[in-house]
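Trainee: Take a look and give me a structure for this.
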Amino acid sequence: MSAHRPELRRSDGSPVRVLVVDDEPTLAELVTLALRYEGWEVRSALDGGSAVRVAREFRPDVVVLDVMLPDFDGLEVLRRLRSEAGSLPVLFLTAKDSVEDRIAGLTAGGDDYVTKPFSIEEVVLRLRALLRRTGITEASAGANLVVGDLTLDEDTREVFRGGTEITLTATEFELLRFLMRNPRRVLSKTQILDRVWNYDFGGQANIVELYISYLRKKVDAGREPMIHTMRGAGYVLKPAR
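Mentor: This next block holds a predicted model:
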């Protein structure tokens, strides 16, 4: 299971903005999805020209940038972005693993790099470190999540329903927190697996069913149910009637 990480937001409280640039659509989509699960606003581009145009309109806080692109390379994209956005932080993605290529990217102004093939978790962690170093974000303080008569304290990790404390395991807590951060929204098993468990968990959707059942026994037992199954779609948490 992935460890809990405090949410990162911009200093004004709004979501972090990330531009993902990679000419492999599947990879770009995978990175985009992972970053959206961090609560960040994400746009993507498949080539250098599009990246420059999107950045001009989107004004990202950080860029995930593939070095090898079909029109011009990532170093040229970086030069163009920096000419308009000053010290815009950049995390390079590169299929090359020679020291010379890494040095070239960092010398050109890249702030960090990961070498393909990489884990999505590594990209997320590198970006979080980069955002902190550049002072763009600050970790949000733990908050109380409230849905109906159910409350969850992210600092103390205490959960109450109708004033009665509910004791949860670490995994149950993470699952409930994800549901409570998305009230009334139907969440698929895949979304839950990706957010609560590791990305490479293997698609074992039955683990989601198992932990939903654990959670129901603690949150809904003897009460009006809040956790609902939407057949063929997933699960939703909403206030009891």
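Trainee: Got the phi and psi for the residue nearest to the spatial centre of the chain?
Mentor: With distances taken as CA atoms, centre = their mean, residue 38 lies nearest the centre of the chain, 2.3 Å away. The phi and psi values for residue 38, taken as degrees, to the nearest 10, are phi -80, psi -10.
Trainee: So residue 206 versus residue 213, what's the distance?
Mentor: Separation of residue 206 from residue 213 (CB to CB, to the nearest Å) stands at 11 Å. The way it works is simple: take the backbone N, C-alpha and C, and place the C-beta from them, glycine included.
Trainee: ugh, wrong one, I meant residue 7
Mentor: According to CB to CB, residue 7 stands 28 Å off from residue 213.
Trainee: And the chain, what are its domain boundaries?
Mentor: Under the TED database, the residue ranges defining each domain of the chain are 17-134, 144-237.
Trainee: Please report how far the residue nearest to residue 72 when sequence neighbours are not counted lies from residue 82.
Mentor: Spatial nearest neighbour of residue 72, excluding adjacent residues (CB to CB, 6 or more residues apart in numbering): residue 48 at 4.6 Å. Using CB to CB, one obtains 13 Å as the distance from residue 48 to residue 82.
Trainee: More neighbours: those two, which one.
Mentor: When residue 48 and residue 82 are compared on other CB atoms under 10 Å, the one with more neighbours turns out to be residue 48, at 24 against 14.
Trainee: Residue 75 is in contact with that one, correct?
Mentor: No: at 9.9 Å, residue 48 does not count as touching residue 75 under the criterion of CB atoms under 8 Å.
Trainee: got the contact list for residue 185?
Mentor: For residue 185, the contacting residues are residue 236, by CB atoms under 8 Å, 6 or more residues apart in numbering.
Trainee: isn't there a helix covering it?
Mentor: No: using DSSP: H, G, I helix; E, B strand; the rest coil, the assignment for residue 185 is coil, not a helix.
Trainee: How confident was the prediction at it?
Mentor: Residue 185 is assigned a predicted lDDT (pLDDT) of 92.
Trainee: and it, what are its phi and psi?
Mentor: phi -100, psi 130.
Trainee: Next: the one 10 residues further on.
Mentor: The phi/psi pair for residue 195 (degrees, to the nearest 10) reads phi -90, psi -40.
Trainee: Quick check: it touching residue 36?
Mentor: No: if you go by CB under 8 Å, residue 195 and residue 36 don't touch, sitting 10.1 Å apart.
Trainee: With neighbour numbers in mind, choose between the two.
Mentor: Between residue 195 and residue 36, counted using other CB under 10 Å, residue 195 has the larger neighbour count: 19 against 13.
Trainee: ok, that one - contacts?
Mentor: Counted by CB under 8 Å, 6+ apart, residue 195 has contacts 37, 178.
Trainee: buried stuff in the helix or strand containing residue 121?
Mentor: Residue 121 belongs to helix 120-133 when assigned by DSSP states H and E. By 16 or more other CB atoms under 10 Å, the buried positions in helix 120-133 come out as 120, 123, 124, 126, 127, 128, 130, 131.
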